[in-house]
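Colleague: sequence first, predicted coordinates after that:
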Amino acid sequence: MNIISKEFHFSASHQLHGLKEGHPCGRIHGHNYIVKIFLSGEPNKDGFVQDYGELKPISQWIEDNLDHKHLNDVFDFQPSVENMSKFLFDMWKKDFPLLSAIEISETPKTNCRYED
């Protein structure tokens, strides 16, 4: 089986509620996020697991809904990378059945990967 991936980037702010007093993530702050999607399968007759051009709706959704937004206003849950990665996986799985994982990075040193 082949696994392909594609990255999408956006910048946004968020604030995580309920953390201990003084925790830096409890303040409003921002990140330059990287969303990396993974698709798994065998190549089709054209040699692709999936044509990267068919992923344009994901790019457009991120641009329209996440880029330069305050994520607490976008989601009705705590906007941690753990919660967002599962939400995005569940949202896109029906349209992209080969989707096998989503990884979101907040910083170059931290990320979360959700796999089904």
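Modeller: Good, I have the coordinates.
Colleague: residue nearest the centroid of the chain?
Modeller: Centrality entry for the chain: nearest residue to the mean C-alpha point is Val35, 3.9 Å, by C-alpha atoms, centre = their mean.
Colleague: quick one, helices of this structure?
Modeller: 56-65, 71-74, 81-93 (DSSP state H).
Colleague: including distance to Glu42, mean pLDDT and mean neighbour count, could these go into TSV?
Modeller: Backbone N, C-alpha and C define where each C-beta goes, glycine included. Putting these into TSV (distance: least, C-beta to C-beta, whole Å; pLDDT from 0 to 100; neighbours: other C-beta atoms under 10 Å) gives the following:
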stretch	distance to Glu42	mean pLDDT	mean neighbour count
helix 56-65	21	98	13
helix 71-74	35	98	16
helix 81-93	19	98	17
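Colleague: burial count for Glu115?
Modeller: Counted with other C-beta atoms under 10 Å, the neighbours of Glu115 add up to 13.
Colleague: skipping its backbone neighbours, what lies nearest it in space?
Modeller: Closest residue in space to Glu115, ignoring its immediate chain neighbours: Ala101 at 4.4 Å, by C-beta to C-beta, 6 or more residues apart in numbering.
Colleague: in the protein, which spans are strands?
Modeller: Remark: strands assigned in the chain by DSSP state E are 2-14, 29-41, 69-70, 99-107, 110-115.
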